[in-house]
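Novice: Next comes the sequence, and after it the predicted model I'd like to discuss.
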Amino acid sequence: MNTYIKTYFKIISWRIFVICIAIAMVMASLFPFDDVSMSYIFSKPVMKVMLKTFVIGGLLLTIVNIVAFYVFRLRLWETNVLHASFYHTFFGVILPFICGVGLIRFFYGPAIFQHDHVNSDLMLMLLLLVLCNAFMVIRMYAFYLNKKTVLVKTLKDEHKDGDVRQKMLLEKADLKHREELDGLKSSLDSINAELKISLVNADKYVAQAELRERQLTDEIDRLTKEIVLKSTAVTHELNEHHIKQLSHILLNDIVPYEYDPLSRYQFTSELNDRVIKEEHVAFIFGANREGVLCQDIYLLDGEVFTVYESSLEEMNRVFPRMVRISRNHLIPGTSVVSFEVMSSKLVKVKVRGQEEPIEMKHEYIKKVFSWIILQYIWNQYREKQSSPAVSV
């Protein structure tokens, strides 16, 4: 704000205001110049008129300056000439003229307007206001033009200096880049030669690594299958004594599979209305028939019920003790009849109610294979317990 005020008073010279006030004081007190003697000029009535004229002129010029500074601050003569013209005409001329008439009435009373020379005084005041505003507009325009000229000259000089500097920098950079390019070319040649040798060696290493990886994978699968097969063979060969012994050990840590008495499914259709309990289920098979989800519930007595608009997850919530051993099969622990280890990534599980064994893939082997083994042992144990005792 202070910067704008300083710039404004540099543009608008204070001399014009002094000249305007002096003209107004002389014309208002001495017009029509019938007596211009020194005694008359310095007489008390004339000095009063001059003083009042000075006060009125000072107030009006203050208003004119405020309006001019506002126009200058908003740079209206650069951005909006119509608004600038309106401000100077209305607030810089008409409004101060009205205020001047009011001040004359205030200082001299209504009778002043009956005087013969009042009209000439009012016309003089209006003329001085117009001249002051015109002078301010001219000075502001001169400032803007000078500012643009200086800016254009500065830009041209900077552009010229910038071109010279840019040319020097380009020449220097070009020379430097040429030297760097020569060095890079020589380095690149040596790197290419080394790279060719490395690629030949790398191909050999990759081939050897792939061969070794395949050998290790095959060895791991073989060992895993051998271990699991051995454990399976041992499990199948358990006699009554071993099963009793193992079940006694397991009973200390885990609870055998028992049916949940609250787990049941209410099956309702036009032909059937039946409650299916978990102890009646052999297994549940999830299918997708023509884009519709359905679950086939296989019972131990051979019956099959199909449930639509459901999923294995929902059926698992109904029968929470059942375990999912593949993408499409959910079984209770009592349905495990036998299992066969095909590899570390495939185990076939035989369950009650289905002739073909269920293929259990790698992800399910990790999760539930130990559960399959334990349920098989428990089922063997129960079978031994329920069969007639055999003397050894």
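Specialist: Arrived safely, thanks for sending. Every value quoted in this text rests on a predicted model; they were computed, and no experiment measured them.

Novice: Walk me through the domains of the chain.
Specialist: With automatic domain parsing as the criterion, the domains of the chain are listed as 2-163, 240-386.

Novice: quick one: the strands in this protein?
Specialist: In order along the chain, the chain carries the following strands (DSSP state E): 264-268, 273-277, 281-289, 292-299, 304-308, 323-324, 329-331, 336-343, 346-351, 358-361.

Novice: now, of those strands, which is deepest in the fold?
Specialist: Among the strands of the chain, ranked by average contacts under mean count of other Cβ atoms under 10 Å, first place goes to strand 329-331 (a mean of 24). Placement of C-beta: from N, CA and C, glycine included.

Novice: about what we covered before: rank the domains of the chain by pLDDT, which is bottom?
Specialist: With a mean of 76, domain 2-163 has the lowest mean pLDDT of those.

Novice: So what's the gap between it and the chain middle?
Specialist: Relative to the mean C-alpha coordinate of its chain, domain 2-163 is positioned 57 Å out (Cα atoms, centre = their mean, to the nearest Å).

Novice: ok, for Leu60, nearest residue in space, not its chain neighbours?
Specialist: Residue nearest to Leu60 in three dimensions, not counting chain neighbours: Pro96, with 4.5 Å by Cβ to Cβ, 6 or more residues apart in numbering.

Novice: Surely that neighbour touches Leu128?
Specialist: No - under the criterion of Cβ atoms under 8 Å, Pro96 lies out of contact with Leu128, with a separation of 9.8 Å.

Novice: Tell me where the protein has helices.
Specialist: If DSSP state H is used as the criterion, the helices of the chain fall at 2-11, 15-30, 38-41, 44-74, 76-79, 81-86, 95-108, 118-236, 240-251, 312-318, 362-386.

Novice: what helices or strands is the fifth one leaning on?
Specialist: Meaning helix 76-79. Here helix 76-79 is seen to pack against helix 81-86, helix 118-236 when contacts are counted using 3 or more Cβ pairs under 8 Å, 6 or more residues apart in numbering; DSSP states H and E.

Novice: returning to that earlier point: and Ile66, which of the strands of the chain is closest to it?
Specialist: Between Ile66 and the strands of the chain, the shortest separation by Cβ to Cβ is 83.0 Å, and it involves strand 292-299.

Novice: picking that back up, would you enumerate the residues in contact with the residue nearest to Leu60?
Specialist: If you count contacts by Cβ atoms under 8 Å, 6 or more residues apart in numbering, Pro96 has them with Leu60, Ile63, Val64, Leu129.

Novice: residues in contact with Val349?
Specialist: Neighbouring residues of Val349 by Cβ under 8 Å, 6+ apart: Ile325, Val336, Ser338, Phe339, Pro357, Ile358, Met360, Ile372.

Novice: Beta-bridge partners for the third one, please?
Specialist: Beta bridges link Ser338 to Lys350 when assigned by DSSP bridges.

Novice: from memory it sits against Ile377, does it?
Specialist: No - in terms of Cβ under 8 Å, Ser338 does not count as a neighbour of Ile377; the distance is 11.6 Å.

Novice: Ile56 touches Gly100, doesn't it?
Specialist: Yes - the pair Ile56 and Gly100 passes the contact test of Cβ under 8 Å, sitting 6.0 Å apart.

Novice: Columns distance to Phe69 on top of the strands of the chain, output as a markdown table?
Specialist: Formatted as a markdown table, those follow (distance: least, Cβ to Cβ, whole Å):
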| stretch | distance to Phe69 |
| --- | --- |
| strand 264-268 | 90 |
| strand 273-277 | 95 |
| strand 281-289 | 83 |
| strand 292-299 | 81 |
| strand 304-308 | 86 |
| strand 323-324 | 86 |
| strand 329-331 | 88 |
| strand 336-343 | 94 |
| strand 346-351 | 93 |
| strand 358-361 | 87 |
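
Novice: returning to what we had before: possible to save the domains of the chain as JSON lines with distance to Glu210?
Specialist: Converted to JSON lines, those look like this (distance: least, Cβ to Cβ, whole Å):
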{"stretch": "domain 2-163", "distance to Glu210": "61"}
{"stretch": "domain 240-386", "distance to Glu210": "20"}
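
Novice: Quick check: the spatially most central residue of the chain vs Val281, distance?
Specialist: The geometric centre of the chain, computed from its C-alpha atoms, lies nearest to Glu313 (Cα atoms, centre = their mean), at 36.9 Å. Plainly put, Glu313 is 16 Å away from Val281 if you go by Cβ to Cβ, to the nearest Å.

Novice: what do you get for Lys367?
Specialist: Counting by Cβ to Cβ, the separation of Lys367 from Val281 is 21 Å.

Novice: Ile365 too?
Specialist: Ile365 sits 23 Å away from Val281 when distances are taken as Cβ to Cβ.

Novice: for Met38, same thing?
Specialist: 134 Å.

Novice: With Glu359 instead?
Specialist: Computed as Cβ to Cβ, the Glu359 to Val281 distance reads 20 Å.

Novice: and if you look at Leu82?
Specialist: Between Leu82 and Val281 the distance, using Cβ to Cβ, works out to 91 Å.

Novice: What are the neighbouring residues in contact with the residue nearest to Tyr376 when sequence neighbours are not counted?
Specialist: In space, and not counting its chain neighbours, Tyr376 is closest to Val336: 5.0 Å by Cβ to Cβ, 6+ apart. Contacts of Val336 were listed using Cβ under 8 Å, 6+ apart, and they are Val349, Lys350, Val351, Ile372, Gln375, Tyr376, Asn379.

Novice: ok, now with 6 Å
Specialist: Going by Cβ atoms under 6 Å, 6 or more residues apart in numbering, Val336 touches Ile372, Gln375, Tyr376, Asn379.

Novice: ok, now Pro357?
Specialist: If you count contacts by Cβ under 6 Å, 6+ apart, Pro357 has them with Lys348, Val349, Lys350.
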